[in-house]
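1. sequence and predicted structure, then a few things I'm wondering about:
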Amino acid sequence: MHPHISALLRGIELEEKEQVQRYRLDQQHTLKQLKAEGLAIHPIIVTRKSFGFADYPEISFKLSFPPEISQFKDGAAIECFKVGEEPVKGVLLSLDGKNGEFRLFAPDFPDWIEEDAVGIKLAPDTRTTGIMKKVITNLEKQKELYNLFEKLQGDKPFSNEKGRIEKPPVFQNKALNESQQQAVMAVMGNKNLVVVHGPPGTGKTTTLIEAILQLVQSGEKVLVSAPSNTAVDNIAKGLIERSVNLLRVGNLSKVDEKIFNHTPEGKMISSRVMKEIKQMKIRAEEFRRMALKYKRSFGKAEREQRNLLFKEVRSIRDEIRNLQHYHEEKMFREAAVIAGTPIGLYDAEINHLSFQTLVMDEAGQCIEPLAWCIFPLAEKYVLAGDHFQLPPTVLSQAAVQAGFNRSILEIAMNSTADNYLLDTQYRMRRSIAGFSNTYFYQDRLNTHPALNDIHVHITFIDTAGSGYQEKKGPDGTSLQNEGELHIVQQILEQETFDETKTAFISPYAGQVTLARDQLRQPIRISTIDSFQGQEKDNIIISLVRSNDEGEIGFLKDYRRMNVAMTRAKEQLIIIGDSATLGADHFYKALLEYTEERGRYRSVWEFDMH
């Protein structure tokens, strides 16, 4: 077995083990602890129950409090629980503020679902890790794919045999800049693997949409993927607006109406088959209600009758699934583009269809084994993203140390010579982009002239000597700095920021929890990790670390700061302690840059009481 395959399998095992440890609820790991660590939400208030597309039970809920939800991402494996009852496995469909929705992998709702003290908690995603293990184990048996695998692990960068483009393409998007056009043409001439990379605001999605349009026009059938549903939907919307025959697959709930009409369910609603399915669902619901009349305590005859009724419900649901599957097959064959997350595409069971190109956006967030789950579906690959943003989330520190959190994009950037930088950013003022441009992108990044500086756009507020020191939060795990929040409150009072266009972000979940208590809404409050991929006019960053030892913890992952600093369009304000941060070369350079290109302010300019 190839040593890197062994390493990947070991990484999957370590991550699975860490998830089981981290998410379990028992006497050692109390509900209070899980809630404090942001791994459980309890209690929830059930607002609606229904049966979803595949006829699984789906539950809408609301929260009466603002918990720490940054780890509850769409598509996360969860368990619905009530202490003293058997938990039920499921998947989180959406969670936005105080409203959410999840699907249960069960034939019916648990009897206790509407009782008090019901909650949801993150659960080990054994299904995804199981799929990854299976795919990686079988990799050596697939000759062409294994050849690519070996190239990606090689020491020397490999290069594509370029396909000939007979005549220059007619770009549908006339506004593409030169670097975007070069990337589109590289995708069109791709024979194996091409990387399209660039910092935030350089138009990666715009470029990918144009490239996919060109591929479809040339007769290719294309797969579109990304680790997050949001990123998949962004490309899907752009393609739908340009009248591409697109099918969006996967665990979906609250999707844009435009996209819903391009899901299997949405397409079926407007077909005659939906009437038949509706009648079958009504029949199944009648049998289900009859079965539920038998309460938990009953005799043998009642139990048999209840079981027979539930058997009939399952039989009707199997019929519904078979009918849906038949009609989905037709949709899969007719679609020019099929879009979904890696697991969404894997679950769609479309390996009997022939796809020429797989386009993966946000590839910098995709761990390597997850990419190999869908690589077998296509002949050529386009990876897009920014390897200087945050790597994929991996819980096991042992797995991280073994390099398991390296993304497929990072691996490809080190292995292939066919990478194309999108070199003009359209998001932020020149001085906001400037530090990242120098430190991460070797000054290769241009700013569109319309975004030249007008005023001061970057400020560092130094808390050195103020006594505003970091403290452990009440959960004992994450750090807080109340003094820095005191400064934030004054900034919001002094500046004429539109609060709907302003966000407060911090690397520490403890600081975010404290900020939710102390800062007025509607300012957006988030961890840096959760805010990746988003933007606001004004961003205030609280760095939290302030101690006599000069310890800065995971502020050492400079990619996290790159994410943080590239969220702002107009104003970037960073609050930190230069005495703690200044010994580190990265933060020393940032302080110097801010003094030269922006504004340095001392904490003593603010009301210290």
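-> That came through, no problem. Numbering: from 1, shown residues only.

2. next, Asn538: secondary structure please.
-> Taken by DSSP: H, G, I helix; E, B strand; the rest coil, the conformation at Asn538 corresponds to strand.

3. do Glu16 as well
-> Looking at Glu16 with three-state DSSP, the answer is helix.

4. and it, how many neighbours?
-> Neighbours of Glu16 under the rule other C-beta atoms under 10 Å: 21. (C-beta placed from N, C-alpha, C; glycine too.)

5. quick check: the residue most central in space within the chain vs Val187, distance?
-> Centroid-nearest residue in the chain, with C-alpha atoms, centre = their mean: Ser228, separated by 3.8 Å. Remark: distance between Ser228 and Val187 (C-beta to C-beta, to the nearest Å) = 21 Å.

6. about what we covered before: and the residue nearest to the centre of the chain, what pLDDT?
-> As predicted, Ser228 sits at a pLDDT of 88.

7. against Phe355, how distant is it?
-> 21 Å.

8. can you report phi and psi for the residue nearest to the centre of the chain?
-> phi -110, psi 150 (degrees, to the nearest 10).

9. run through the strands of the stretch 151-300 of the chain in chain order.
-> Secondary structure of the stretch 151-300 of the chain (DSSP state E, counting those that start in this stretch): strands located at 193-197, 222-225, 246-248.

10. helices or strands up against the shortest one?
-> In terms of contacts (3 or more C-beta pairs under 8 Å, 6 or more residues apart in numbering; DSSP states H and E), strand 246-248 is packed against helix 229-241, strand 337-339.

11. so can I have JSON lines of those showing distance to Ala515 and mean neighbour count?
-> As requested, those are exported to JSON lines (distance: least, C-beta to C-beta, whole Å; neighbours: other C-beta atoms under 10 Å):
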{"stretch": "helix 229-241", "distance to Ala515": "23", "mean neighbour count": "20"}
{"stretch": "strand 337-339", "distance to Ala515": "35", "mean neighbour count": "26"}
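
12. of all these, which one comes closest to Arg597?
-> helix 229-241 (31.4 Å; C-beta to C-beta).

13. what sits against Arg597?
-> Counting by C-beta atoms under 8 Å, 6 or more residues apart in numbering, Arg597 touches 431, 434-435, 458.

14. coming back round to it: need the least confident one among the helices and strands packed on strand 246-248, by mean pLDDT.
-> Among the helices and strands packed on strand 246-248, helix 229-241 scores lowest, at a mean of 94.

15. give me the contacts around that helix.
-> 74-75, 205-206, 208-209, 212-213, 224-226, 246, 248, 250-252, 255-256, 258-259, 262, 337, 339-341, 344, 359, 361-362, 533.

16. picking up where we left off before, now for the helices and strands packed on strand 246-248, which one comes closest to Tyr600?
-> helix 229-241 (36.0 Å).

17. how far does that closest one sit from its chain's centre?
-> 14 Å (C-alpha atoms, centre = their mean, to the nearest Å).

18. also stretch 489-505?
-> So, by C-alpha atoms, centre = their mean, the centroid of stretch 489-505 is 26 Å from its chain's centroid.

19. what does it contact?
-> 461, 488, 512, 515, 518-528, 531, 534, 536-542, 564, 567, 571, 573, 606-607.

20. cool, stretch 114-127 as well?
-> 16, 19-20, 22-23, 25, 31, 34, 39-44, 46, 49, 61, 71-72, 76-83, 87, 89-90, 92, 102, 112, 343.

21. and that stretch, how far apart are its ends?
-> In stretch 114-127, first residue to last residue: 27 Å (C-alpha to C-alpha, to the nearest Å).

22. buried stuff in that stretch?
-> For stretch 114-127, a neighbour-count test (16 or more other C-beta atoms under 10 Å) marks 118-125 as buried.

23. same question for stretch 574-589.
-> Buried, per 16+ other C-beta under 10 Å, within stretch 574-589: 574-582, 586-587.

24. now for the residues you listed: which two are most distant?
-> Going by C-beta to C-beta, the pair spanning the buried residues of stretch 574-589 furthest: Ile575 and Phe586, at 16.8 Å.

25. quick one: distance of stretch 470-488 to the chain centre.
-> On C-alpha atoms, centre = their mean, the centre of stretch 470-488 falls 26 Å from that of its chain.

26. and that stretch, C-alpha only, in PDB?
-> Below are the C-alpha coordinates for stretch 470-488, written out as PDB (Å, rounded to 0.1, in the frame of the first residue of the first chain):
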ATOM      1  CA  GLU A 470      -7.200  38.000  28.600                       C
ATOM      2  CA  LYS A 471      -9.100  35.800  31.000                       C
ATOM      3  CA  LYS A 472     -10.600  32.300  30.600                       C
ATOM      4  CA  GLY A 473     -14.400  32.400  30.000                       C
ATOM      5  CA  PRO A 474     -16.900  30.700  32.400                       C
ATOM      6  CA  ASP A 475     -16.600  27.500  30.400                       C
ATOM      7  CA  GLY A 476     -12.900  27.400  31.300                       C
ATOM      8  CA  THR A 477     -12.000  26.600  27.600                       C
ATOM      9  CA  SER A 478     -12.000  29.700  25.600                       C
ATOM     10  CA  LEU A 479     -10.500  33.200  26.200                       C
ATOM     11  CA  GLN A 480     -12.200  36.500  26.700                       C
ATOM     12  CA  ASN A 481     -11.000  40.100  26.900                       C
ATOM     13  CA  GLU A 482     -13.700  42.400  28.400                       C
ATOM     14  CA  GLY A 483     -11.500  45.500  28.000                       C
ATOM     15  CA  GLU A 484     -11.300  45.100  24.200                       C
ATOM     16  CA  LEU A 485     -15.200  44.900  24.100                       C
ATOM     17  CA  HIS A 486     -15.300  48.200  26.100                       C
ATOM     18  CA  ILE A 487     -13.300  49.800  23.300                       C
ATOM     19  CA  VAL A 488     -15.600  48.200  20.600                       C
END
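
27. what is the mean pLDDT for it?
-> Stretch 470-488 comes out at a mean pLDDT of 89.

28. same question for stretch 307-320.
-> Rounded mean pLDDT across stretch 307-320 is 83.

29. for the lowest-mean-pLDDT helix or strand in the chain, packing partners?
-> When each helix and strand of the chain is scored by mean pLDDT, DSSP states H and E, helix 273-292 comes last, with a mean of 80. Judged by 3+ C-beta pairs under 8 Å, 6+ apart, the packing partners of helix 273-292 are helix 300-334.

30. list the buried residues of the helix it packs on.
-> 305-306, 309-310, 312-313, 316-317, 320, 324, 327-328, 331-332.

31. closest to Lys556 among the residues you listed?
-> Nearest to Lys556 among those, with distances taken as C-beta to C-beta, is Phe332, at 46.1 Å.

32. ok, now which ones touch the residue lying closest to the closest one once chain neighbours are set aside?
-> Excluding the flanking residues, the one nearest Phe332 by C-beta to C-beta, 6 or more residues apart in numbering is Ile350, at 5.6 Å. Listed by C-beta under 8 Å, 6+ apart, the contact partners of Ile350 are 332, 338, 377.

33. verify the stated contact: the last one with Leu345.
-> In this case it means Leu377. Yes: with contact defined as C-beta atoms under 8 Å, Leu377 reaches Leu345; the gap is 6.8 Å.

34. quick check: neighbours shared by the two?
-> Leu223.

35. so between these two, which is more surrounded?
-> Leu345 (24 against 19).

36. how close does Thr594 get to Lys588?
-> Applying C-beta to C-beta to Thr594 and Lys588 gives a distance of 11 Å.

37. typo on my end, it should be Gln153
-> Here the criterion is C-beta to C-beta. By it, Gln153 lies 36 Å from Lys588.

38. do Asn562 as well
-> Distance from Asn562 to Lys588, by C-beta to C-beta: 16 Å.

39. ditto for Asn446
-> Asn446 is 26 Å from Lys588, by C-beta to C-beta.

40. next, the angle from the least confident helix or strand of the chain to helix 300-334.
-> Helix 273-292 runs at 160 degrees relative to helix 300-334, counting by axes from the mean of the first three to the mean of the last three C-alpha atoms, to 10 degrees.
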